[in-house]
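Trainee: This is a predicted model, with the sequence first.
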Amino acid sequence: MHLIYEQSTPGRRGVRLPASDVPAASALPDTLLRAEKAGLAEVSELDLVRHFTNLSRRNFSVDTNFYPLGSCTMKYNAKVLENSAALFTPFHPMTALLPGGVDFCQGTLGMLYDLGQLLADITGMDEVTTQPLAGAHGEMTGIMLIAAYHAAKGNRAKKKYVVVPDSSHGTNPASAAIAGYEIITVPTAPYGDMDLELFKAAMSDEVAAVMMTCPNTLGLFNPHIKEISDIAHSFDALMYYDGANLNAIMGKVKPGDVGFDVMHVNLHKTFGTPHGGGGPGSGPVGVKRALIPFLPQPRIVMDGDGKLQLETANPGTIGRTANFFGNFGVMVRAYAYIIMLGREGLIQVSEQAVLNANYIKEKLKGHYDLPYDMTCMHEVVFSASRQLEHGVHAIDIAKFLIDKGYHPPTVYFPMIVKEAIMIEPTETESKATMDAFIEAMIEAARTAESSPQALHDAPLTMPISRLDETKAAREQNVCHIG
Amino acid sequence: MLNSHYCPHTPEEIQEMLSVIGVASVEELFAPIPPALRATTFNLPTGMSEFETFSRMQAIAGENSQGMTHFIGGGFYDHIIPSVVDHLSGRAEFYTAYTPYQPECSQGTLQALFEYQTAICRLTGLDVSNASLYDGGSACAEAAMMALRVTGRSRIVVDGCVSPFSRQVLKTYLFNLDVEVVEIAPQGGLLDRAALAALLDDRVAAVLIQNPNFFGSIEDFSGLADQVHGVGALLIGSVYPISLGVLKSPGEIGIDIAVGDGQSLGNPLSFGGPSFGFIAAAKKYIRNMPGRIVGETVDRNGKRGYVLTLQAREQHIKRHRATSNICSNQGLCALRGLIFLSSVGKEGLADLARLNRDKAEYAKARLSAIPGVSVLQASVTFNEFTLVLPKNAAAVVAGLLEMGIAAGVPLGDYYKGFNNCLVVTVTEKRTKREIDLFAKELEVALCI
């Protein structure tokens, strides 16, 4: 497809601007002006509409295809959430920061406060900040809160390490590094969880925090989580919960009940807000009472009259992690989702997410290696090692699935599983959809044995075939020239 | 049984699935969780229909005061959004997809992001852009960390005229990294060039400036880049993208890394988000860029296509040695930015920038004609300027809010000794009539 810039005609415009009702200002001095106008597209409105409509048709999406991308919780995004978000678009965030401004923003501040309360109940935390803009941003915020906690006790210099299992999301160690920590990685045991003995050996007074995902990226719930928390706490290390997999346990387990001190929630995963082709997400952070003094500001608090106020002069705060109150539009959607589903609905979400993953696991385990064969939570990780004997890799199976109309599962993650295929169906998929997907997976396994080349050639039905990633990395052509 | 109408199974299907798995109940699937760890309370309210949900959301939105006339900015701006932006970014194929890990079935997102990167490069006059960051503040922080990596130094010098919010975010990001952040106090709403000169030495990794700055001043940064480069430091500039319709591009100023908030490009105010942060740089710094980058390549048949590239910089490969921890970015907001820029177009962006300045100049003349009111800065301004009022600006703003006018951002909370100063923003959406009414009400407010 042509780029929008290749459809440009000088002088053509896509929108008419309002006419000016004021006199023209005197010209700015030449020294401040750009020499040439920015080379933006010059297209008509219809050209623009066709271009982006046709581009959109080159995407798989939840609304068009089953999208079992493990770890990403690609559930259906209810349309009423979009309509709800549109109600809040005119409100300027600065209004709330003006003197007396909170009086004019009680609806939006109240919604953020209520969302915090609902998330606190779901997670077992005492208070939630909605400021972090994505899951990884929440992790960074959470680890900074932990750093502030240790600093307040005079232990900042002593506490040098953050412990993560080797199955963790890459964001965990990357976020801890921004907060100034060195990383200790603990291997996974054959039973699929962080090796308890090696964990004990890794712990010392110099550990600031332990970051865990539970269920972990293998989709397994760690039954020793409380023991791990107790050990961490005995060294005054705090427990960080990566909420990426919260969709499995709503109403079943609260991270705050089992020893976690800080956590983030991915609203775009668990609470049904759209993933936007890569974002925006939203990563509110919940904390236990001991960490409240360090929360980012402005902090939304309720006064004695039930009115929302902004606390901006807290001396212990880590400061600010985003310009305003976080990705508000995402939070509107998540709030609507939570109040719509309610208590029973959210429990059912987790139950059926787990049911669906186990169903796929049972149906496929005869066809693919299942390195950790036990009851899984919301996702299941297979290995294509059996197919590799025929020269077929996980990536080949992924590309075959594209031709069958499925967005592939996550492949090659977690890194501890060779040729990993990580499937997360989510609760919103029907049995019929999963049965058809299972058939496609079985066909891929059969094809791997009978004609591996067919898998190497896939996909054949897309506008393009497999792309040369080495060329892209070598040439670094990231901006259209011409 | 069907408490969530988004869970589609019938009781019969659930039974069928349970028997395939070989358990008697869904509850059995939660057996790996020891009973002692199970939640004992779950106090959420009962669910409701989507109609009731929407009504509740309408009621919440109704609790905010409606129809405020905005003369406030502070990083978020009340600009026009062409209808196409909502409609095209509202294509579910865009908004219900995720990060394009599988390029063959994600060419829509990938090509759009490549076009977005191109727009940002052309706007900023720099070589390379990533596929978006979170917001303007975190983009400043990411740029600073990029400069720390490039130079191997540990001091960031920040002009106090940079948005106080962005400066706070920057300080929060860098707090744990053994980095010194040195701020230069503003001088009459402008960068204190003498103070900067005194601070420049071989310990400085980067200097962060903003144009137009938080006071609204457009600065003549001639010679600044050479001065900063002279000590081996990088120049980071935070810019307001609408102003780049007419103002000198970061590339022309000699800025090495340009950042900014993309809200003004087709993203609604929405109480502060989501918007997006952009970052662009000279090509030699590409391997130190944070976040996703889309690159052009060819498929097996030589056909042009797009992929996520240079992923070896990123957290999912490099883990704690990654250039950033960012994973989800603000892709859909960046897409909105691209559609906005492509709709307004090359000529339109220049016209839009001029329209903003025309309105602001009219308001500036009108407001500064009020007895006792003057303009702080000697420099030219874009669509924001700082008024010096004869009394405390906070009290004036609080009074005007009651009239439905968000009169501006009082500077007292952000700069010591600036209690009488008010930053007023005037975008193309403000009519002469609204400006005249504002002037009238301000005059009344100052008389009381």
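Mentor: Everything's here; your move. This is a predicted model, so every value here is computed, not measured.
Trainee: where does chain B have low pLDDT?
Mentor: Applying pLDDT under 70 to chain B flags residues B:1-4.
Trainee: what about the longest helix in chain A?
Mentor: Longest among the helix segments of chain A by residue count, using DSSP state H, is helix A:328-364.
Trainee: Can you tell me which helices and strands that helix packs against?
Mentor: Packing partners of helix A:328-364 (3 or more CB pairs under 8 Å, 6 or more residues apart in numbering or on different chains; DSSP states H and E): helix A:79-86, helix A:106-123, helix A:267-270, strand A:380-383, helix A:431-450, helix B:11-21, helix B:50-62. C-beta coordinates here come from the backbone N, C-alpha and C atoms, glycine included.
Trainee: any chance of these in TSV, with mean neighbour count and distance to B:Lys248 too?
Mentor: Output for the helices and strands packed on helix A:328-364, formatted as TSV (neighbours: other CB atoms under 10 Å in any protein chain shown; distance: least, CB to CB, whole Å):
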stretch	mean neighbour count	distance to B:Lys248
helix A:79-86	19	37
helix A:106-123	22	37
helix A:267-270	29	38
strand A:380-383	27	53
helix A:431-450	17	54
helix B:11-21	15	64
helix B:50-62	16	40
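Trainee: Was I right to think B:Ser243 contacts B:Ala353?
Mentor: Yes - here B:Ser243 reaches B:Ala353: they are 5.9 Å apart, a contact under CB atoms under 8 Å.
Trainee: what do these two both touch?
Mentor: Listed as contacting both B:Ser243 and B:Ala353 by CB atoms under 8 Å, 6 or more residues apart in numbering or on different chains are B:Phe382.
Trainee: hey, where'd the helices end up in chain B?
Mentor: Using DSSP H, helices in chain B cover B:11-21, B:50-62, B:83-89, B:92-95, B:107-124, B:136-151, B:164-174, B:193-199, B:224-230, B:250-253, B:315-318, B:331-368, B:393-401, B:432-447.
Trainee: what's in contact with the third one?
Mentor: When you say that, I think you mean helix B:83-89. A:14-15, A:45, A:48-49, A:52-53, A:56, B:94-95, B:266, B:332, B:335-336, B:339-340, B:343.
Trainee: And for the last one?
Mentor: Where contact means CB under 8 Å, 6+ apart, the residues beyond helix B:432-447 that reach it are A:21-22, B:69, B:71, B:359, B:362-363, B:366-367, B:369-373, B:389-391, B:396, B:399-400, B:403, B:405, B:407, B:426.
Trainee: And the lengthiest strand in chain B, what does it pack against?
Mentor: Counting by DSSP state E, the longest strand found in chain B is strand B:204-211. With contacts taken as 3+ CB pairs under 8 Å, 6+ apart, strand B:204-211 sits against helix B:136-151, strand B:155-159, helix B:224-230, strand B:234-239.
Trainee: about what we covered before: of all the helices and strands packed on helix A:328-364, which lies closest to B:Ser222?
Mentor: Among the helices and strands packed on helix A:328-364, the nearest to B:Ser222 by CB to CB is helix A:106-123 (42.9 Å).
Trainee: For residue 130, the count of nearby residues, please.
Mentor: All of this refers to chain A. 30 (other CB atoms under 10 Å in any protein chain shown).
Trainee: The chain in question should be chain B.
Mentor: Other residues close to B:Asn130 by other CB under 10 Å number 31.
Trainee: Skipping adjacent residues, who's closest to it in space?
Mentor: Leaving out its chain neighbours, the residue that sits closest to B:Asn130 by CB to CB, 6 or more residues apart in numbering or on different chains is B:Gly291, at 4.4 Å.
Trainee: my guess is the one you found contacts B:Ser132, does it?
Mentor: Yes - the pair B:Gly291 / B:Ser132 is scored as a contact, 7.0 Å apart, by CB under 8 Å.
Trainee: Is there a neighbour count for A:Ala24? I'd like the number.
Mentor: 12.
Trainee: Contact partners for it?
Mentor: Per CB under 8 Å, 6+ apart, neighbours of A:Ala24: B:354, B:358.
Trainee: could you list every residue that touches residue 370?
Mentor: Chain wasn't specified; assuming chain A. A:361, A:364, A:380-383.
Trainee: Correction: the question concerned chain B.
Mentor: Contacts of B:Ile370 by CB under 8 Å, 6+ apart are B:439, B:442-443, B:446.
Trainee: ranking these by neighbours, who comes first?
Mentor: B:Leu442 leads these on contacts (other CB under 10 Å) with 27 neighbours.
Trainee: Quick check: the residue nearest to B:Val375 when sequence neighbours are not counted vs B:Tyr362, distance?
Mentor: Leaving aside its chain neighbours, B:Val375 sits nearest to B:Ser368 (5.1 Å; criterion: CB to CB, 6+ apart). Distance of B:Ser368 to B:Tyr362, given as CB to CB, to the nearest Å: 11 Å.
Trainee: Could you check which of the two has the larger neighbour count?
Mentor: B:Tyr362 (22 against 15).
Trainee: thinking that one is in contact with B:Leu355, fair?
Mentor: No - contact criterion CB under 8 Å: B:Tyr362 and B:Leu355 do not qualify, at 10.9 Å.
Trainee: and which of the contacts of B:Ile370 is nearest to chain A?
Mentor: B:Ala439 (12.5 Å; CB to the nearest CB).
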